[in-house]
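A.B. asks: pasting the structure only:
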């Protein structure tokens, strides 16, 4: 099976129980996560051959982080060195109260590792797809260098490159702007994934109002392709937040054979919002590598990605622990949630 | 007080915490449950004199299973023998993701026990009502024999017999079809409880489309009575699944004095779906034994059953831990969920 | 900073996990709470200088109760004496099933302490605002005496006095009626906070039907002011209970400069209902002490109180652990619950 | 099977997790317990026909208390009335730090119920053994009256009466001394169970020093029998506390056929100290009703009681959840704790 | 790195919290384990290249079982088929109360899988060491066939074969005796691991009393080698059970270059007894493959195995999650448990 | 009451449950701690007026850290600024396996804050005692500067200064050695607290062997006083580690009026080792400020400190949650751990 490679930061995530505010009681639920790691796990659970590249501390914390990916079948190719693992605190929102993320990732192993410490030749040997998120170059100048280097090496070795723009307001503190860095990455990508806000912040392309939302998003995708002629696919996720617990969820794709609108899901009683975008990216990569690339295949890839990420809202933790059979079932219309027995 | 007897399999139920996927974290919540056991507990909590007949392993697992019913006041008449207790794994659904049941009940004590091992004479001594669910004969040929034997003995000793058809697609693996077995049981029943799908699978009678849903269900009940003239009451539960978290819930009853439609409840933020049908059966048995059997009493029995089972959706676990005063309160219109203080 | 003083009973609250029925499993979540304590914590979290007066047992239970307020920055001025801490059991409702409170507070230290045991001179030294809820005089004759004494002393020392009527049907068992006692307290108050039912039970003033609900509530406020000319502000909270999980929430205020209707919030997936009224009182006191008292300030105070108490529905426990920046954010329209990262 | 009746107070016990100090974290483990209830459960687990008499609040707290005994097969004959359930807070000691009990049982249903509220005729119908602990008359004057009444009625109906002196320093606050009350109870008992301190406080008989401890305890038993000639059996438990975690445990019995010393157990890594005395009482009652009453039977009864109560130290909670086969196994020398597989 | 292959049954283990009796509270801790799986994980944590062969159900339970080994770096080569995963209930002993195991593994996938369903050629490709425990052939006739087949194939392909006799009294129910089956396996082994009781039950060779225990055990090893001349190494673990919480632990080895006694460890406050024997086997295999095989290397292998298994007693769960650096540290005398900071 | 000031780093401590290895299951117990914070809490629980100075991030993590001290009555004077809170992971040892600390504190707010950012004038206003541990200057050059500055300012304002040498091998990574820095601090101290290893590493003074251990430690104290004539008190804690669960614990003090040996405690079943040294320091400061400073008072201070820190081993978490009455009770010989009821 051809190898999908991902590069990024794996963090320890600390979250109070249920809807409690941070430290309201003394148990913190610990899982590991991070944008590309989330994509990696989802692809591995779908059955793909996945290799995740990162830098981790050479202690029990780093070991557990790596093991948490191995558990789901991801191969972990981690530089191990003295240092710390990045952390993020997550407080789950409810009703009108938004979820809060507090990043504690400065000085992490990944943030301080230089590009020449990785063995890129080996990493990209046999690689057919490379994926990166905009969170990684937002962490530090070193991480941005590594990201750029990886994208270029991937391109050079013939792999297809997907970039999820993934703009994070609380990062990008090291001196460069998202726009400055992300444009260069976009210039090396075959597939761009984003929401409207990401495209605005990372690529500087605004959403224009047309008669219908669909036309507006179609125009947006066309604009992106115009600025980045190297890009074959532009996928945009559409979220409507009614409250922390209820969202509308949909997507569009401008492919090589047409423009497609994904199904619209009304998601009530959301279990977890984090990782939804990553699960969409994983679904799209899965679709674009599994289905025939014609008009029907492109639509099916978008449908798969949208259904997969809809289901992610029902799974606690960063990872989308959803099997491909479950995605296909939702794609075929089984959305009623009846007990299977 | 007259004795209500039930016969069936009591299982250990293992469920991950909250909305987690199976084994996502290492704590499994253990409760005991099973269709007839659920009915038994609900009737005991309503204040009825209840005796539950089953077969259990003669070890600490079987002992705990029995104790879990004694806790709620059910008398447990269990054959104790070497062997295992059946298990079912439950993964709670959320949003568009359905709940999943994995049965691990083959080879259980109940599944391998033969009809002549039970002391039926003693069991039915003083029995005025006998209840059985379609899950029990679905387990094994031996269990089906026992179920048939029990129904016949109950009938013979003058008890009224209720059968909840309760079709389970993942069972019925031992060689006989649901239709083949359940028809015989239905021929010995005074009360049949079912949903539309159960009637289709177990009795082979389809829902026909009339002008209004009410007419369609009335027709369905009439068809059932026509095929099974011994049956005095046909109750059908109506569930509309919008998602794993939100369902519509109602019911109809064709009795001796008329046809009735139950109240319609829109149930959001469902706490637990499992056991809702059993709680309806318990409510109906309670109503048919407590209220005068005339047109008003039949309506009241249906209203009690529908309100009781509506409340079940708010209680975690298999059992409907709802007192009859709470059911009456909902029947009288108090559905707003205001704090009582 | 000027000192806000509150007097009332601090209780241990025992609640089963999640939506379980009482004692369904053996872990009880323990927090401390009580109407005035809840107001005190919310004001301290907003940054106010708060002093909470009560009586507590001189053992580890009383010590923990006091510490739970110190944690949030409340100064606790507690009489310590032999005896017990009042308890309330809380069972959280779900769907159509209401939450249940079982009070176990008779004979508590606060209930048996006489007015002359408190050092009122010291307590009110430097006090600019005094707050009391109608729960306190409902506990015992002694507590009612203390409440009346405190209100009068507060008035005398020049502090403004707010009273939240807070009618509790399960209390008022010691021989006096709510109406009898609360009217006297209202006569000494500058600010009255209530819902419609409270005003009916405590002051005997009914809601009359006018063309629109707003007019009806305006009339109700005017009636209250007519009966209690000492009162400058009448605030009424408006709750519409669709189910235990979904409520509509709004409010009105009749102030010195006008009559105002608060924003309407539709609150789905309620995390906790308890303490919402107290969080409104805290928000109103905050607003009335922070903003300029003109038409705009009065409206802003109401908006702050309404938004603060809307957010309380998302926080588990009695206390409203919401920072003022979060309240301002909701007031400015950010109600979509998007992740902040 | 002949009926063993017990009378006493059932309490809610609240304990922080593990070795935490009270309220160190917000989860309290709740179980129910009380001296006679503990004896009742142990006897029921051994297979005896047990009826426990008490007074309980007519709410969900009282219902759960009763159910916790039904779970283990105890028949509960409880007066249900408005009021509260007694509570005790338990903090588990460790190393040199002692366990702490904070009683919150004043005003409980049992404490305020008068003797004539119980239906003693019915209670003692068919009763062959009655057991009471010295904790019950220590609670209130009403409870002492009931205890005395029960003992006399039991005696009159021909039942044997066992009294466990069980002195509690933190109780006996209502005006009478332990000595005053317990002597009268002892005068109506056939079996007295105590430790050295109990005998001193309740009966005023001191331990005198003889050449060996065995002689001293033999003398003590003889003294007791001399003062209370009605008493057939005097059993004394001997505990040596090295620390909260390690105790020596033994016992002596002066019976009708001789004086016996029980086995000595060195118990390290104690799981729970509470309920050990009660488990000894249960073991002794079991032995005295099961074995032939000759010299061998009396020794066996003491050995059974000592082994049963040794095992109690390994079981969390008030109840001794140990089967009689396990007791026999320890009596026969299997004390090595090897895994049984 | 050369490949170590293991074959056996992976089970779900269900254990109540801490020292609770089974089902004393409703949370069951779930881990996966089984004799050979435990050895596999320990070897993988030491850094070995390990492949574990088994049969698992093709559902979420089987998937989680496999993932639990992948987490620690074990390669899992599992036949996936319809059926069930074996279960064992574990109740942890304390003080004089022994731990209890209740097996619920009959009818498991592994128990019913026939030898020709496995692809042995592939499995043993590149294999240099094969390990099996006596638990596997105790499960069913089919499992015994597979075990024998595997041992023979391993031998044929040039791998060294270790067998841990591991006698389980509660198994061996399918018609053959341990002695009958295990002798044949022993005839194909290079390394035999056992305790005294195993050797008695599986090989029929008793311990004879010589002047010192060391001589007795030396004699026992010599006897074993005499009966099974193919065996190069006989290792015997020596456990002295003072209580469930305190054991003495040591071992002897008769190798090719001499007879060695391992260090003696006095282990107090045991955290977990299960898996200790497996951790010894893993340590011995590690030592015999890492160290030079001379007198010094043989002694070092025994010391490594003894220290590794001593440390296992401090780790909850079936698996010995101990790094080789920690074993070396204990071997060098650091047994004082001081905090490393 | 005179003010005791402490300066140091407050960290989030993350620990797996019970004896689990790090990340063995997904719940991390979070408490806050740090050497001087631990001393501060213990002193506040003893009833002292305590002010803790530190630097904390201006987010919810920093707020919770401060609140955790306020809970116990400590006044927190914290510089709030952007940045991170230091973390330490703790894995509790068992049997022969040592506890492990992984520090993740580089780049914390305290580590990067410069001396001139603190308002030392205000901090030391009214201060009569200042305490510092050797952990603080081990963190960073900035922290060492602050520590030195604080000690000098304290000295200048007339406060007595205690320094706990507290050597940490895993810190001191920023370029200066412990010896270099700690000597200067010692030159400004009135009281030095240490164990033998600390004195060796921080002051370069070795333990010499005399006839008895007491003489050796007396000599060590005399050597310290000779090198640092400013020091009035040298206290040395003596720990003998038999295993992670059992330690011997004692101490010596060389004061102004004599040399004293503390009681020896044999501590089995240790609940928590962390914070024991800090609890000794708190006990000593308490004693030296409460008792008359003569020979008897110095002995009593040592006895108080030794008993307080003995009890700390029974309390989970960093803080010594022990009341002074409990310390006095142990000092008077009540070490048997009997239940208080």
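C.D. replies: Received, thanks. For clarity, every value in this text was computed on a predicted model and none was experimentally measured. Numbering: from 1, shown residues only, chains lettered A, B, ... in the order given.

A.B. asks: From now on I want contacts and neighbour counts done on CA atoms only, so please keep to that.
C.D. replies: Noted.

A.B. asks: So stretch A:12-24, near chain F or not?
C.D. replies: Yes - using C-alpha under 8 Å from any C-alpha of the partner chain, stretch A:12-24 reaches chain F at A:22-23.

A.B. asks: got the end-to-end distance for that stretch?
C.D. replies: The stretch stretch A:12-24 measures 19 Å between its terminal residues, going by C-alpha to C-alpha, to the nearest Å.

A.B. asks: Look up how far chain D lies from the residue minimising distance to the centre of chain A.
C.D. replies: Nearest to the geometric centre of chain A sits residue A:278, at 2.7 Å (C-alpha atoms, centre = their mean). Applying C-alpha to the nearest C-alpha, to the nearest Å, the value for residue A:278 to chain D is 35 Å.

A.B. asks: Over to that residue. Which of the three states is it?
C.D. replies: Using DSSP: H, G, I helix; E, B strand; the rest coil, the three-state assignment for residue A:278 comes out as helix.

A.B. asks: Next one, pLDDT for it please.
C.D. replies: We note a pLDDT of 98 for residue A:278 in this prediction.

A.B. asks: ditto for the one 3 residues further on
C.D. replies: Per-residue confidence for residue A:281 comes out at a pLDDT of 98.

A.B. asks: what's around it, how many residues?
C.D. replies: Residue crowding around residue A:281 was assessed by other C-alpha atoms under 10 Å in any protein chain shown; the count is 35.

A.B. asks: give me every residue that touches it.
C.D. replies: Applying C-alpha atoms under 8 Å, 6 or more residues apart in numbering or on different chains to residue A:281 gives the contacts A:39, A:164, A:193, A:305.

A.B. asks: For these, which two are the farthest from each other?
C.D. replies: Using C-alpha to C-alpha, the pair of the contacts of residue A:281 lying farthest apart is A:164 and A:305, separated by 13.4 Å.

A.B. asks: residues contacting the residue nearest to the centre of chain A?
C.D. replies: Contact partners of residue A:278, counting by C-alpha under 8 Å, 6+ apart, are A:35-36, A:38-39, A:309.

A.B. asks: Can I have the buried ones of those as a ChimeraX selection?
C.D. replies: Selection command for ChimeraX covering only the buried members of the contacts of residue A:278, criterion 16 or more other C-alpha atoms under 10 Å in any protein chain shown:
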select /A:35,36,38,39,309
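
A.B. asks: Of the contacts of residue A:278, which is the nearest to chain C?
C.D. replies: Using C-alpha to the nearest C-alpha, residue A:35 comes nearest to chain C of the contacts of residue A:278, at 13.0 Å.

A.B. asks: give the contact list for the closest one.
C.D. replies: For residue A:35, the contacting residues are A:8-9, A:133, A:135, A:275, A:278, by C-alpha under 8 Å, 6+ apart.

A.B. asks: Show me which residues of chain A sit near chain E.
C.D. replies: A:67-73.

A.B. asks: So which bits of stretch A:251-268 are buried?
C.D. replies: By neighbour count, with 16+ other C-alpha under 10 Å as the criterion, the buried positions of stretch A:251-268 are A:251-255, A:259-263, A:265-268.

A.B. asks: What residues does chain A have near chain B?
C.D. replies: That would be A:267-271, A:310-311, A:313-316, A:321, A:330, A:334-341, which are the residues of chain A within reach of chain B (C-alpha under 8 Å from any C-alpha).
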